[in-house]
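K.L.:
All I have is the shape, not the residue letters:
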Ligand code: SF4
Ligand code: SF4
């Protein structure tokens, strides 16, 4: 079994509790306007354009339809290839087997609390994670998922058996605004939120806050109403993430950073709705 991996971050402090290794899977079924890693969204079509933008001879053009060969030791991580790509992709994506991932992690897991599968949308690879997680857990490390909530997790029994917890994006409660922001419905997202809370797997809800109004107040209130029966029993956090332009596609940078007052207002609202752990970061 293989998965397309955009990159692996050895040490991250922002993808779940503690320092974690992050596997960024390639491909996403949402196309959120504010995505800060748009190079994880699409499929490379092998056009080869990126190779002509590389200033470091780190991309060797291949046949038409095949991505250029990435020569990692020459790469300076300048990002020129990603900026040049018109397919929201990257020439540095690797097709990795479970063994490839384990070979990579060997010797790197000592200082971390666990792994987080992210993306892109990692739940598009449920069998891969279901096979990987029990092996990682045998090393006394936790396995978490960051997801847009679009895949019905109640039907992913093997995955949920070994997944220690989920950080779930609720991008907008209003169906019209969610559609506008992501290109997709939020119906499954709310079903997943309830399922994960009921089964004690919901670690955190996340909402990106922009200056452009996507109904953040309504989102916090609807999430709280849905999760109220579980908030006392499970410590479910709410993370309000201020929009940052870094990495965001040029045409969506106008969504804008929210004011400190707006963020504080949302924090107060989330707390008054029953969330005991509310983070703004
Ligand atoms: S990464 Fe983008 S620019 Fe490079 S070959 Fe693939 S589609 Fe073309
Ligand atoms: S990031 Fe891309 S463009 Fe820059 S050196 Fe590496 S392969 Fe070349």
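P.N.:
Nice, I can see it. Model, not experiment: these values are computed from the prediction. Ligands and ions are numbered 1, 2, ... in the order given.
K.L.:
Return the residues of this structure in contact with ligand 1.
P.N.:
Applying C-beta under 6 Å from any ligand atom, we find that the chain lies next to ligand 1 at 44-50, 67-68, 84-85, 87, 89-91. Yep, even glycine has a C-beta here, placed from its N, CA and C like the rest.
K.L.:
hmm, try it at 8 Å
P.N.:
Counting by C-beta under 8 Å from any ligand atom, the residues of the chain lying close to ligand 1 are 42-51, 59, 67-68, 81-82, 84-87, 89-91, 93.
K.L.:
And those, which of them are buried?
P.N.:
With neighbours counted using 16 or more other C-beta atoms under 10 Å, the residues of the chain next to ligand 1 contain these buried positions: 42, 44, 46-51, 59, 67-68, 81-82, 85, 89-91, 93.
K.L.:
Which ones, among these, also lie beside ligand 2?
P.N.:
Within these, those near ligand 2 by C-beta under 8 Å from any ligand atom are 50, 59, 81, 82, 90, 91.
K.L.:
between those, which is nearest ligand 1?
P.N.:
In terms of C-beta to the nearest ligand atom, no member of these lies closer to ligand 1 than residue 50, at 3.3 Å.
K.L.:
Can you give me every residue that contacts the closest one?
P.N.:
59, 68, 80, 81, 82, 84, 85, 90, 91 (C-beta atoms under 8 Å, 6 or more residues apart in numbering).
K.L.:
what residues does the chain put near ligand 2?
P.N.:
Contacts of the chain with ligand 2, taken as C-beta under 8 Å from any ligand atom, map to 50, 53-59, 70-71, 74-82, 84, 90-92.
K.L.:
how about a cut-off of 5 Å?
P.N.:
Residues of the chain that fall close to ligand 2, judged by C-beta under 5 Å from any ligand atom: 54, 56, 58, 59, 75, 76, 78, 80, 81.
K.L.:
Pull out the buried members of those.
P.N.:
In the residues of the chain next to ligand 2, burial by neighbour count holds for 54, 58, 59, 75, 80, 81, counting by 16+ other C-beta under 10 Å.
K.L.:
Phi first, then psi, for the third one.
P.N.:
Torsion angles at residue 59 (phi, psi; degrees, to the nearest 10) stand at phi -130, psi 120.
K.L.:
wait, it sits on residue 69?
P.N.:
Yes. Judged on C-beta atoms under 8 Å, residue 59 makes contact with residue 69 at a distance of 7.1 Å.
K.L.:
For whichever residue of the stretch 101-250 of the chain sits closest to ligand 2, list the residues it contacts.
P.N.:
Of all residues in the stretch 101-250 of the chain, residue 247 sits closest to ligand 2, at 13.7 Å by C-beta to the nearest ligand atom. Taking C-beta under 8 Å, 6+ apart as the definition of contact, the neighbours of residue 247 are 35, 36, 37, 38.
K.L.:
Tell me how far the nearest residue to the third one once chain neighbours are set aside lies from residue 170.
P.N.:
Same thing as residue 37. Distances taken as C-beta to C-beta, 6 or more residues apart in numbering place residue 247 nearest to residue 37, at 6.0 Å, with adjacent residues excluded. Separation of residue 247 from residue 170 (C-beta to C-beta, to the nearest Å) stands at 21 Å.
K.L.:
SS state for residue 116?
P.N.:
Reducing the assignment at residue 116 to three states with DSSP: H, G, I helix; E, B strand; the rest coil gives strand.
K.L.:
Can you report how many residues lie near the residue nearest to it when sequence neighbours are not counted?
P.N.:
Using C-beta to C-beta, 6+ apart and skipping the chain neighbours, the partner closest in space to residue 116 is residue 15 (4.1 Å). The local packing count at residue 15 equals 21, with neighbours defined by other C-beta atoms under 10 Å.
K.L.:
what ranges do the helices span in the stretch 51-200 of the chain?
P.N.:
The residue ranges that make up the helices of the stretch 51-200 of the chain, judged by DSSP state H, counting those that start in this stretch, are 80-84, 98-105, 126-137, 157-162, 175-182, 187-198.
K.L.:
Compile the ones you listed into JSON lines and extend it with columns for mean pLDDT.
P.N.:
Formatted as JSON lines, the entries for the helices of the stretch 51-200 of the chain read as follows, by pLDDT from 0 to 100:
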{"stretch": "helix 80-84", "mean pLDDT": "97"}
{"stretch": "helix 98-105", "mean pLDDT": "97"}
{"stretch": "helix 126-137", "mean pLDDT": "98"}
{"stretch": "helix 157-162", "mean pLDDT": "98"}
{"stretch": "helix 175-182", "mean pLDDT": "98"}
{"stretch": "helix 187-198", "mean pLDDT": "98"}
